[in-house]
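[1] Need coordinates for the below:
(one chain, ligands or ions: 1)
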Amino acid sequence: MNVLVLNGSPKAKSDTFRMTDSFLKGLNRDRQNEVTVINVIEKNIAPCRGCFGCWAKMDGHCVIDDDQNAILNLYQKADLVIWSFPLYCYAMPSHLKAVLDRTIPLVKMKMVQDADGKVQHEALADFSRLHTLVICGCGFPDWDGNFDGLRAMCAQAFCNPDMVCVPETPLLNVPAAAIVADPLLARFEKAGEEYARSLTLSPETIADLERPMIPKEDYIRNVNGS
Ligand SMILES: Cc1cc2nc3c(=O)[nH]c(=O)nc-3n(C[C@H](O)[C@H](O)[C@H](O)COP(=O)(O)O)c2cc1C
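    A predicted model of the protein is given here:
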């Protein structure tokens, strides 16, 4: 499989990427996949100008000549795209959102409706083999609503994405929390193995990955130092 990993954390030591890295270990256990990791923060990717110049030329590239066109080339070859990023203001970080916005050259202006009435732009190429996995870490403990906006956006923007949204991920950086962080990383590795077999994750596996490492009240107490 060609795997494209879009690492949207701006940090050199990303909590989220540690989970993604463990997942990749499991994914590659029995079969070495062709994995390309793009550290988006290191790339020169301007915001979309909204000019629709891409729809005038329809060659799968953006009229802005920066690093995005190389990402679009990788995207078109990918069997699996992993969007790995921290939750920022209930959404994806802005530099990664620029990458998502600028995938517009991969669709046409023409609109199509599916059986449920959902309206989309017709794809420029055949993306039926493409799988999408979203791995998102965040700083809050588990509470209803934190990931709602992101989940809604990803469900619309990607075709049937698998999504893993993990609370309390700064614990991955706390040596004293290794007792709960290491088992989570081990679960991510197992999830990678499962994904290699079935190209999806079961609801049970996702629930297991999203389970808070420590109870909410303990997490808040630790963060507040009280
Ligand atoms: C600008 C900014 C906005 C953030 N917004 C949220 C948020 O809406 N919800 C949340 O739970 N955590 C939020 N966080 C915390 C990060 O998601 C958290 O620190 C995460 O573990 C960082 O992951 P990384 O190490 O992979 O970059 C925010 C952090 C920053 C810097």
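[2] And for residue 141, the neighbour number?
    Residue 141: 20 surrounding residues under other Cβ atoms under 10 Å. (C-beta placed from N, C-alpha, C; glycine too.)
[3] surely it meets residue 166?
    No: the criterion here is Cβ atoms under 8 Å, and residue 141 misses it with residue 166 at 11.1 Å.
[4] So what does the residue nearest to the spatial centre of the chain have for phi and psi?
    Nearest to the geometric centre of the chain sits residue 83, at 2.0 Å (Cα atoms, centre = their mean). Residue 83 adopts backbone torsions of phi -100, psi 110, taken as degrees, to the nearest 10.
[5] Quick check: the closest residue in space to it that isn't next to it in sequence vs the ligand, distance?
    Closest residue to residue 83 apart from its sequence neighbours, by Cβ to Cβ, 6 or more residues apart in numbering: residue 134 at 4.8 Å. Here residue 134 is placed at a distance of 13 Å from the ligand (Cβ to the nearest ligand atom, to the nearest Å).
[6] So what's the residue count around residue 134?
    For residue 134, the neighbour count with other Cβ under 10 Å is 23.
[7] and what of residue 88?
    Counted with other Cβ under 10 Å, the neighbours of residue 88 add up to 19.
[8] How much space separates it from the ligand?
    For residue 88 relative to the ligand (Cβ to the nearest ligand atom), the value is 4 Å.
[9] Which strand residues bridge that residue?
    residue 91 (DSSP bridges).
[10] how about the strands in the protein?
    2-7, 34-39, 80-86, 107-113, 119-123, 131-137, 162-166 (DSSP state E).
[11] looking at these, which is closest to residue 56?
    strand 107-113 (9.4 Å; Cβ to Cβ).
[12] Phi, psi for the nearest residue to residue 165 once chain neighbours are set aside please.
    If you skip the residues right next to it in sequence, residue 165 has residue 147 as its closest partner in space, 4.3 Å away by Cβ to Cβ, 6+ apart. With angles defined as degrees, to the nearest 10, residue 147 sits at phi -100, psi 0.
[13] List the residues that contact residue 147.
    For residue 147, the contact set (Cβ atoms under 8 Å, 6 or more residues apart in numbering) comprises 87, 90, 136, 138, 165.
[14] Local confidence estimate at it?
    We have a pLDDT of 98 for residue 147.
[15] Could you measure from it over to residue 93?
    Separation of residue 147 from residue 93 (Cβ to Cβ, to the nearest Å): 15 Å.
[16] cool, residue 48 as well?
    16 Å.
[17] do residue 111 as well
    For residue 111, the distance to residue 93 - Cβ to Cβ - is 29 Å.
[18] The two: who's more crowded?
    Legend: neighbour count by other Cβ under 10 Å for residue 111 and residue 93, higher for residue 93 (17 against 10).
[19] quick one, what contacts the closest residue in space to the more buried one that isn't next to it in sequence?
    Closest residue to residue 93 apart from its sequence neighbours, by Cβ to Cβ, 6+ apart: residue 8 at 5.1 Å. Counting by Cβ under 8 Å, 6+ apart, residue 8 makes contact with 40-41, 83-86, 92-93, 95-96, 99.
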